[in-house]
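Peer 1: Requesting a structural model of the entry that follows:
(chains A and B)
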Amino acid sequence: MDVLGDLAGGFGTALSLENLLFAMIGVTLGTLVGVLPGIGPALTVALLLPLTYNFDPTGAFIMFAGIYYGGMYGGSTTSILLNTPGESASVVTTIEGFQMAKQGRGGAALATAAIGSFVAGTISTLAITFLAPPIAFVARSFQPADYFALMVLAFVSVTALIGRSLLRGMISLFLGLFIGLIGIDTLTGQARFTFGVPQLLNGLDVVVVAVGLFAVGEALYVASRLRHDKEEIVPVKGRLLMDRDEFRRSWRPWLRGTALGFPIGALPAGGAEIPTFLSYTVEKRLNPSAPWGRGAIEGVAGPEAANNAAFSGVLVPLLTLGIPTSATAAILLVAFQIYNLQSGPLLFTNSPDLVWALIASLYIGNVMLLVLNLPLIRIWVKILAIPRAVLYAAILLFATLGVYSVSNSLVDLVVMYFIGIVGFFMRRYDFPVGPMILGVILGPLMEKQFRNALQVSQGDLSIFVTRPISLVILLIAAAALFLPYLPRLLGRRRFTVGTGSED
Amino acid sequence: MSERGSGEVAGRGPRSLLGPRLAAIFVVALAALLLQQALQIGSTLGYSPVGPTTIPLVVATVLLVLGVLLAARCTLAAAIDADLAERSAEEEVATHWPTVLITLGILAVYALALNGFRLGPLVVPGLGYVVATALFLPATARVLGSRHLLRDVIVGVGVAVVVYLSFTRFLGVRLPPGVLELIGL
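Peer 2: Next comes the predicted model:
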C-alpha cells in the first residue's frame, strides 16, 4: 500500500496548477518536435536545459517527461503522413501506416497509433510505478563493480543493437568516450586530451555536444539533400476515428506490443527499435489474413504500442539505477546532474516527492496527449506544411540560441558548429549518433566506477567477474554483443537485413 | 525502407567509398594523435591502482583498431561493407555541397556578428542578437532554397524580437543588445 500512498502524494504535487502547466507545455512541445522531421526529444530537452536552470526541478522534470512522451506520439504522425520516420523506432510504422494514408485511411492509422500509444503508455507507467521501488531497493546493495558492469551493458545494448553496423556504432561510441575524457581528471587533476587549449580544461559541455550533433548535424544533412529529396505529404481525409472492425483488429496488437516493448526497454536490451520490429513480425505471423504491405492496421497498432512501451521502460533503469539506455535518457541523466540530484537507487529515498510527482505526471501526460492528438491532429498536420528551408534555418537559429545563451561564449559556438560538421558526416555515412552521446555522458561515470571498484579490490581486475551481480550483467552484455552475429559466424553467410535505422 | 541488396553495388564500388575511406583516415589519424597525447599525461602513482592514463590509453588504442578495421572494410575486396558503399554512392548523388559550405559560412558570420570579435588590437563589436538574427534567418532560408524573401525577412525579424524580449525580460537570460543599445532601446 506504500506505493499507492506515494503515488497519491505524487498526484497531489503533479496536479497543482503550476505543474499541470509544465506538463501541458511539455507535451505540446514534445508533440511539436515529434511531428517535425529530424528533431527529436533528445535535442529538445538538451536545448531547454539551459533555460530551466532557475526552475523548480519538479516542474522542469514534469516538462521533460512531457516532451519525452509527446515526442513519441508526434513521431507517428510524420511516419504515417510523410513516410519519413521521425526517429528510428518509428521506421516500422511507415510500412503500413503510409500505405493506409495513401488509401485515405490516414485518420484511422493516426487514431490507432494515438490510442495504442495511450494504452501502452498507461500500462507501462503502471509497471514503472510498481517495479521501480523494489528495483531501487535491490540496487542499493550494488557496488562500483556492478555499476561498471551495468554501464558496459548500456553501451553494448545501445551500440550493438541499434544501427546497421557494429563497427560504425563502436567508432561512434569511442569518439564519444574520447570527448567525455577531455578536461581535467577529477581524481588526480591531470589535464587530459586538452591539446594545450585552456578553454578545454573544463571539458566540453554536454549540451554543446548534444545540440551540435543532433541539431546542427541534422540540419546540415537535410540542407545538403534539400534539392534532391522531394517529400509527399498525404492529406488526412475522412474520419479521424476507427470503425468497429479497425478497433477489433487493433486492441490485441496494442497489448502484445506493450508486452514486447516494456521489458525490452526496461532490461535494457536495445531501446525502442528492436521491439517495434519484433511486434511487426509477431503481428504478421498471427494475422496472416491482414493486407500486409497494403495498409494492415495491425502493423501500425502493434509497433506504435511497442515503441511507446519501450520508451517508458527505459525510464526504469534511468530512475532506479541511474543508467540511461537511449540518447534521450542520457540527456535526462544530465538534467539530474545539473539539479544535483543523484539519479539511481537513492533517488527514491532522497527525493521521493520529485520521483512520485514525475511518475504521476506520466499518467497525466498520457491523458493530455490522447486529447491533444486525437481531435487536434489536423493542426499538427499543418505544421508539416512549414517550408523546409525556413524550418531548418530556424533549427540552426535555436541551436545557436540555446548554446550561446548559456555563457555568451564564442568558443562554445565554434565547438558546436565543429561537432555539427562531425555529425553531418556521421549521418551521411550511417554512423549512429546515439552511442556517441551516451559515451560522452556515461564515459566519465564509468571511468569513476571502474577506478572505485579497483580501489576497493586493490587493483585486482578479477573483482568484475567474482561478484555475481557484475558477472551476470557482463555475461548478458557479451551475449547482446555476439548473439546477433552467431548465425553469421556459424553459417559464414552475410545477412543483409532490410531495415533503415538512424538515430 | 527498400530492400538493400549487395548486388547493385559491385559496379560502382571504389569511387563511392572515397568518403568512408576519408572518414577511416580521419579516425585513424585522430586515434594516433590521442595515443600520443595519452602517453604524455603525467602518471602520478597515487593510491589508486588505475591512474589518469589508463582509460585514455584504452580509448585511444581501441579507436585506432576500429579505424583500421573501418579502413579495411572500405578497401579490401573480401571485407567490403556493401551497405556502406551503397549508402555512400546514394549520398554522392544527392548531396549539394555548395549548400552545406555556404550554410557553414553563414553560421560562422552569424556567430561573429552575435558576439563581436577581436582581431589583433582591433575590437569589433557585435551587431547584437536582434539584428544578427533578423539577417541570419532569411539568409539561411535563401541558401536552403526558399524564394520568398519578404516572408522570410518578416519571420526573421519577428522571431528575433520575440526571442530577445522573452529571453531578456522573462527568463532573465542575457543576450547581446548590440546596436539596439546605441539607439537607446
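
Peer 1: what about the residue nearest the centre of chain B, which helix or strand?
Peer 2: The residue lying closest to the centre of chain B (C-alpha atoms, centre = their mean) is B:L104, at 8.6 Å. Element membership for B:L104 (DSSP states H and E) is helix B:97-115.

Peer 1: Report the distance from whichever helix or strand comes after that helix to the chain centre.
Peer 2: Using DSSP H and E, the helix or strand that follows helix B:97-115 towards the C-terminus is strand B:117-119. Mean-position distance between strand B:117-119 and its chain equals 23 Å (C-alpha atoms, centre = their mean, to the nearest Å).

Peer 1: now swap in stretch B:113-121 and tell me
Peer 2: So, by C-alpha atoms, centre = their mean, the centroid of stretch B:113-121 is 22 Å from its chain's centroid.

Peer 1: what sits against A:V334?
Peer 2: A:46, A:49, A:206-207, A:441 (C-beta atoms under 8 Å, 6 or more residues apart in numbering or on different chains). (C-beta placed from N, C-alpha, C; glycine too.)

Peer 1: Make JSON lines out of the residues you listed and add neighbour count and distance to B:A31.
Peer 2: Output for the contacts of A:V334, formatted as JSON lines (neighbours: other C-beta atoms under 10 Å in any protein chain shown; distance: C-beta to C-beta, whole Å):
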{"residue": "A:A46", "neighbour count": "30", "distance to B:A31": "27"}
{"residue": "A:L49", "neighbour count": "23", "distance to B:A31": "31"}
{"residue": "A:V206", "neighbour count": "23", "distance to B:A31": "23"}
{"residue": "A:V207", "neighbour count": "22", "distance to B:A31": "26"}
{"residue": "A:I441", "neighbour count": "25", "distance to B:A31": "21"}
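
Peer 1: now, which of those residues sits nearest chain B?
Peer 2: Of all the contacts of A:V334, chain B sits closest to A:L49, with 12.5 Å by C-beta to the nearest C-beta.

Peer 1: which SS state does the closest one fall under?
Peer 2: Under the three-state scheme (DSSP: H, G, I helix; E, B strand; the rest coil), A:L49 adopts helix.

Peer 1: Let me know whether it touches A:F336 as I believe.
Peer 2: No. Using C-beta atoms under 8 Å, A:L49 makes no contact with A:F336, being 11.0 Å away.

Peer 1: what about A:F55, which SS state?
Peer 2: coil.

Peer 1: roughly how far apart are it and A:I62?
Peer 2: 10 Å (C-beta to C-beta, to the nearest Å).

Peer 1: Equivalent analysis for A:A149, please.
Peer 2: Where A:I62 is concerned, A:A149 sits at a distance of 32 Å (C-beta to C-beta).

Peer 1: again with B:L63
Peer 2: Applying C-beta to C-beta to B:L63 and A:I62 gives a distance of 39 Å.

Peer 1: Checking A:L220 next. Helix, strand or coil?
Peer 2: A:L220 is classified as helix under three-state DSSP.

Peer 1: any idea of the pLDDT on it?
Peer 2: Note on A:L220: pLDDT of 93.

Peer 1: buried stuff in the helix or strand A:E283 falls within?
Peer 2: Using DSSP H and E, A:E283 maps to helix A:273-286. Buried residues in helix A:273-286, counted by 16 or more other C-beta atoms under 10 Å in any protein chain shown: A:273-280, A:282-284.

Peer 1: tell me which parts of the stretch 301-450 of chain A are close to chain B?
Peer 2: Taking C-beta under 8 Å from any C-beta of the partner chain, the part of the stretch 301-450 of chain A that reaches chain B is made up of A:387-390, A:392-394, A:396-397, A:400-401, A:404-405, A:408-410, A:413-414, A:417, A:421, A:424-425, A:428-430, A:447, A:450.

Peer 1: circling back to that earlier point, is the helix holding A:E283 anywhere near chain B?
Peer 2: No. Judged by C-beta under 8 Å from any C-beta, helix A:273-286 stays clear of chain B, getting no closer than 11.8 Å.

Peer 1: Run the chain-centre distance for that helix.
Peer 2: On C-alpha atoms, centre = their mean, the centre of helix A:273-286 falls 19 Å from that of its chain.

Peer 1: for A:F118, what are its contacts?
Peer 2: A:366-367, A:369-370.

Peer 1: which residue packs closest to B:E92, ignoring adjacent ones?
Peer 2: Nearest residue to B:E92 in three dimensions, chain neighbours excluded: B:S16, at 6.1 Å (C-beta to C-beta, 6 or more residues apart in numbering or on different chains).

Peer 1: shouldn't the one you found be in contact with B:A89?
Peer 2: Yes. B:S16 lies in contact with B:A89 (C-beta under 8 Å); the separation is 3.5 Å.

Peer 1: just to revisit the earlier point, if you count what's nearby, which of A:A149 and A:I62 comes out ahead?
Peer 2: Set A:A149 next to A:I62 and count neighbours by other C-beta atoms under 10 Å in any protein chain shown: A:I62 wins out with 31 against 27.

Peer 1: How far off centre is the strand or helix carrying B:A134?
Peer 2: In the assignment (DSSP H and E), B:A134 maps to helix B:129-143. From the chain centre to the centre of helix B:129-143 is a distance of 19 Å (C-alpha atoms, centre = their mean).

Peer 1: which other residues reach that helix?
Peer 2: For helix B:129-143, using C-beta under 8 Å, 6+ apart, the contacting residues are A:223, A:387, A:389-390, A:392-394, A:396-397, B:99, B:102-103, B:106, B:110, B:113-114, B:126-127, B:146, B:149, B:152-153, B:155-157, B:159-161, B:163-164, B:175-180.

Peer 1: if we go to 6 Å?
Peer 2: By C-beta atoms under 6 Å, 6 or more residues apart in numbering or on different chains, the residues outside helix B:129-143 that reach it are A:389-390, A:393, A:397, B:102-103, B:106, B:110, B:113-114, B:152-153, B:156-157, B:160, B:164, B:175-176, B:179-180.

Peer 1: Compute the inter-axis angle for that helix and helix B:97-115.
Peer 2: 180 degrees (axes from the mean of the first three to the mean of the last three C-alpha atoms, to 10 degrees).

Peer 1: Keeping just the C-alphas, turn helix B:129-143 into PDB.
Peer 2: The C-alpha trace of helix B:129-143 is given here as PDB (Å, rounded to 0.1, in the frame of the first residue of the first chain):
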ATOM      1  CA  TYR B 129      21.100  39.400 -31.100                       C
ATOM      2  CA  VAL B 130      18.100  41.100 -32.800                       C
ATOM      3  CA  VAL B 131      19.900  42.500 -35.800                       C
ATOM      4  CA  ALA B 132      22.200  39.400 -36.400                       C
ATOM      5  CA  THR B 133      19.300  37.000 -36.100                       C
ATOM      6  CA  ALA B 134      16.900  39.100 -38.300                       C
ATOM      7  CA  LEU B 135      19.600  38.900 -41.000                       C
ATOM      8  CA  PHE B 136      20.600  35.200 -40.400                       C
ATOM      9  CA  LEU B 137      17.200  33.600 -40.800                       C
ATOM     10  CA  PRO B 138      16.300  35.000 -44.300                       C
ATOM     11  CA  ALA B 139      19.900  34.500 -45.500                       C
ATOM     12  CA  THR B 140      19.900  30.800 -44.400                       C
ATOM     13  CA  ALA B 141      16.400  30.100 -45.700                       C
ATOM     14  CA  ARG B 142      17.500  31.600 -49.100                       C
ATOM     15  CA  VAL B 143      20.600  29.300 -49.200                       C
END
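
Peer 1: The helix or strand harbouring A:L4: what's the following helix or strand?
Peer 2: Assigned by DSSP H and E, A:L4 belongs to helix A:2-14. Sequence-wise, the next helix or strand downstream of helix A:2-14 (DSSP H and E) is helix A:17-35.

Peer 1: hmm, that next one in reach of chain B?
Peer 2: No. Applying C-beta under 6 Å from any C-beta of the partner chain, one finds helix A:17-35 out of contact with chain B, separated by at least 13.3 Å.

Peer 1: Name the helix or strand for A:V414, please.
Peer 2: Here A:V414 is assigned to helix A:410-428, by DSSP H and E.

Peer 1: Good, wrapping up.
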